[in-house]
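In: The sequence and its predicted three-dimensional model are supplied below.
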Amino acid sequence: SAAQTLSGYGGPSRLGGGAKSIINTSATGNAGQNYGSGGSGGADINNTANRAGGDGAAGIIIVEEFYD
């Protein structure tokens, strides 16, 4: 039987999707690429070490001004 692994995807933001998951390898999670999106989970196919999740992307502040 072959070992397989799949980590969770990073959470999306209103400005884009989150990081892609890790598939069939041992690796730290991928970092978020779009403002405010989350990093993916880490994965370890051999169950030998803990793997950290990826960093979330930087946030953004959007300021809108309204006049009456």
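Out: Great, that's in hand. Small disclaimer: the values here were computed from a predicted structure and weren't measured. Residues are numbered from 1 along each chain as shown.

In: For the residue nearest in space to the middle of the chain, what is the enclosing helix or strand?
Out: Central residue of the chain (CA atoms, centre = their mean): Gly39, 1.9 Å from the mean position. Counting by DSSP states H and E, no helix or strand carries Gly39.

In: Now do the same contact list for it.
Out: Neighbouring residues of Gly39 by CB atoms under 8 Å, 6 or more residues apart in numbering: 10, 18-19, 29-32, 53-57. Where C-beta positions appear, they are placed from N, C-alpha and C, glycine not excepted.

In: now do Ala43
Out: Each residue near Ala43 by CB under 8 Å, 6+ apart is listed here: 5-7, 21-23, 25-27, 29, 51.

In: Kindly recompute the last result at 6 Å.
Out: For Ala43, the contact set (CB atoms under 6 Å, 6 or more residues apart in numbering) comprises 5, 7, 22, 51.

In: How many neighbouring residues does the residue nearest to the residue nearest to the centre of the chain when sequence neighbours are not counted have?
Out: Spatial nearest neighbour of Gly39, chain neighbours left out: Gly54 (2.6 Å); criterion: CB to CB, 6 or more residues apart in numbering. For Gly54, the neighbour count with other CB atoms under 10 Å is 25.

In: No further queries at this time; thank you.
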